[in-house]
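Undergrad: My questions are about this predicted structure, shown below with the sequence.
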Amino acid sequence: MNPIFKSHEKDFMRIEADQVCVDYNGTVALYDASLNLKAGSICGLVGMNGAGKSTFFKALMGFVRPSRGKIRINGIKVNQAQKEQSVAYVPQNEGIDYSFPVSVWDVVMMGRYGAMNIFRIPRESDRRAVVHALERVDLFDLRERPIGSLSGGQRKRAFLARAIAQRASVLLLDEPFSGVDVPTEKLMAELFLQFRQEGHTILISTHDLNHVRDFCDFVVLINKTVLAYGETSEVFTSENLNKTFGGIPPNPLSGPTSSKDFINE
Ligand SMILES: Nc1ncnc2c1ncn2[C@@H]1O[C@H](COP(=O)(O)OP(=O)(O)OP(=O)(O)O)[C@@H](O)[C@H]1O
């Protein structure tokens, strides 16, 4: 089953971020971050701990409000894209109480909530979407298990299934490979390539540079701002990686420390 994207989603860049700045109580986490991603692409988001990767995801999801800059998902504002369920986010840690008795099936069904009415009574189409998503991540047989009884890697697959069930055209995946075993890593990598084929756009944060080399069409190197962005073959140079991880202090550390410093008004 191919995802059915809304007609206007075909016409626009999937992700447009233009000079996005985010601060937490005045301390800059991200500044002047710009990025354009088209349909059917996989982009790696690479940077050190604290570089602002999760913050970038949260801005794209509308969980944090940029102090400056513009974001469009499929040509529309973030809050509208949220309403249309166009973008799904799989965070590093779900912040879920795993002692809470919720089944794998229920977790994946949450991906359908946005398409349901206020009573949240699943229709046949919702159940079909959940079955399809569970099958794609190879978890259908574990669907009745409490989510808390799954291994870390299985949980990651369950939350990926929730994103698949949502049928979002944009997938934001924060460290999807951390703590997963080799078969799960392989399954996920294959899935991501299928998603790309289907026209999804995937932004993946990872610390593993091999993942980027292996299947990311584009890469964003980030340290509080976008240091380099473009096709992986062009951007993945030792000079750029040094700038991202090594010796050379990036601009924001020697530059302004408050978002106010970036606002020209
Ligand atoms: N809610 C918050 N309040 C205050 N500061 C925050 C908050 N969330 C993140 N930060 C700070 O913003 C900066 C960027 O954090 P972020 O979580 O985006 O980095 P990251 O690249 O995702 O890091 P990691 O690889 O460790 O997950 C860090 O200095 C972090 O301490």
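TA: Looks like it arrived, so ask away. Numbering: from 1, shown residues only.

Undergrad: So for the longest helix anywhere in the chain, what gets flagged as buried?
TA: As assigned by DSSP state H, the longest helix anywhere in the chain is helix 182-198. In terms of neighbour count (16 or more other CB atoms under 10 Å), helix 182-198 has its buried residues at T184, E185, L187, M188, A189, L191, F192, F195, R196. All C-beta atoms are positioned from the backbone trio N, CA, C, and that covers glycine.

Undergrad: Spell out which two among these are the most distant pair, please.
TA: For the buried residues of helix 182-198, the farthest-apart pair by CB to CB is T184 and R196; their separation is 18.9 Å.

Undergrad: Contacts only, for the residue nearest to E231 when sequence neighbours are not counted.
TA: Nearest residue to E231 in three dimensions, chain neighbours excluded: F218, at 6.0 Å (CB to CB, 6 or more residues apart in numbering). By CB atoms under 8 Å, 6 or more residues apart in numbering, the contact set of F218 is L37, S41, I42, C43, G44, Y229, G230, E231, T232, V235.

Undergrad: Need the three-state assignment for the third one.
TA: Pointing back at I42 there. strand (DSSP: H, G, I helix; E, B strand; the rest coil).

Undergrad: What's the local residue count around it?
TA: 25 (other CB atoms under 10 Å).

Undergrad: That one touches E198, doesn't it?
TA: No: using CB atoms under 8 Å as the test, I42 is too far from E198 to be in contact (11.9 Å).

Undergrad: Between the two, which contacts overlap?
TA: Joint contacts of I42 and E198 (CB under 8 Å, 6+ apart) do not exist.

Undergrad: rewinding a little: look up which residues are beta-bridged to the residue nearest to E231.
TA: In this structure, F218 bridges to C43, E231 when assessed by DSSP bridges.

Undergrad: which non-adjacent residue is nearest R145?
TA: Nearest to R145 is V104, by CB to CB, 6+ apart, at 5.5 Å.

Undergrad: how close does G246 sit to G47?
TA: 12 Å (CB to CB, to the nearest Å).

Undergrad: more crowded one of those two?
TA: G47 (22 against 10).

Undergrad: Let me know how buried the residue lying closest to that one once chain neighbours are set aside is, in neighbour terms.
TA: Once flanking residues are discounted, G47 sits nearest to I222: 3.9 Å by CB to CB, 6+ apart. Here the count is done by other CB under 10 Å, and I222 has 25 residues near it.

Undergrad: check contacts around I222.
TA: Each residue near I222 by CB under 8 Å, 6+ apart is listed here: A33, L45, V46, G47, A51, G52, K53, F56, T244.

Undergrad: Quick one: residues contacting the fourth one.
TA: Under the criterion of CB under 8 Å, 6+ apart, the neighbours of G47 are K53, S205, L221, I222, N223, T244.

Undergrad: Can you tell me which of the residues you listed is nearest R128?
TA: The closest of the contacts of G47, once distances to R128 are taken by CB to CB, is S205, at 30.9 Å.

Undergrad: and that closest one, bridged to which residues?
TA: L45, D174.

Undergrad: I am finished for the moment; much appreciated.
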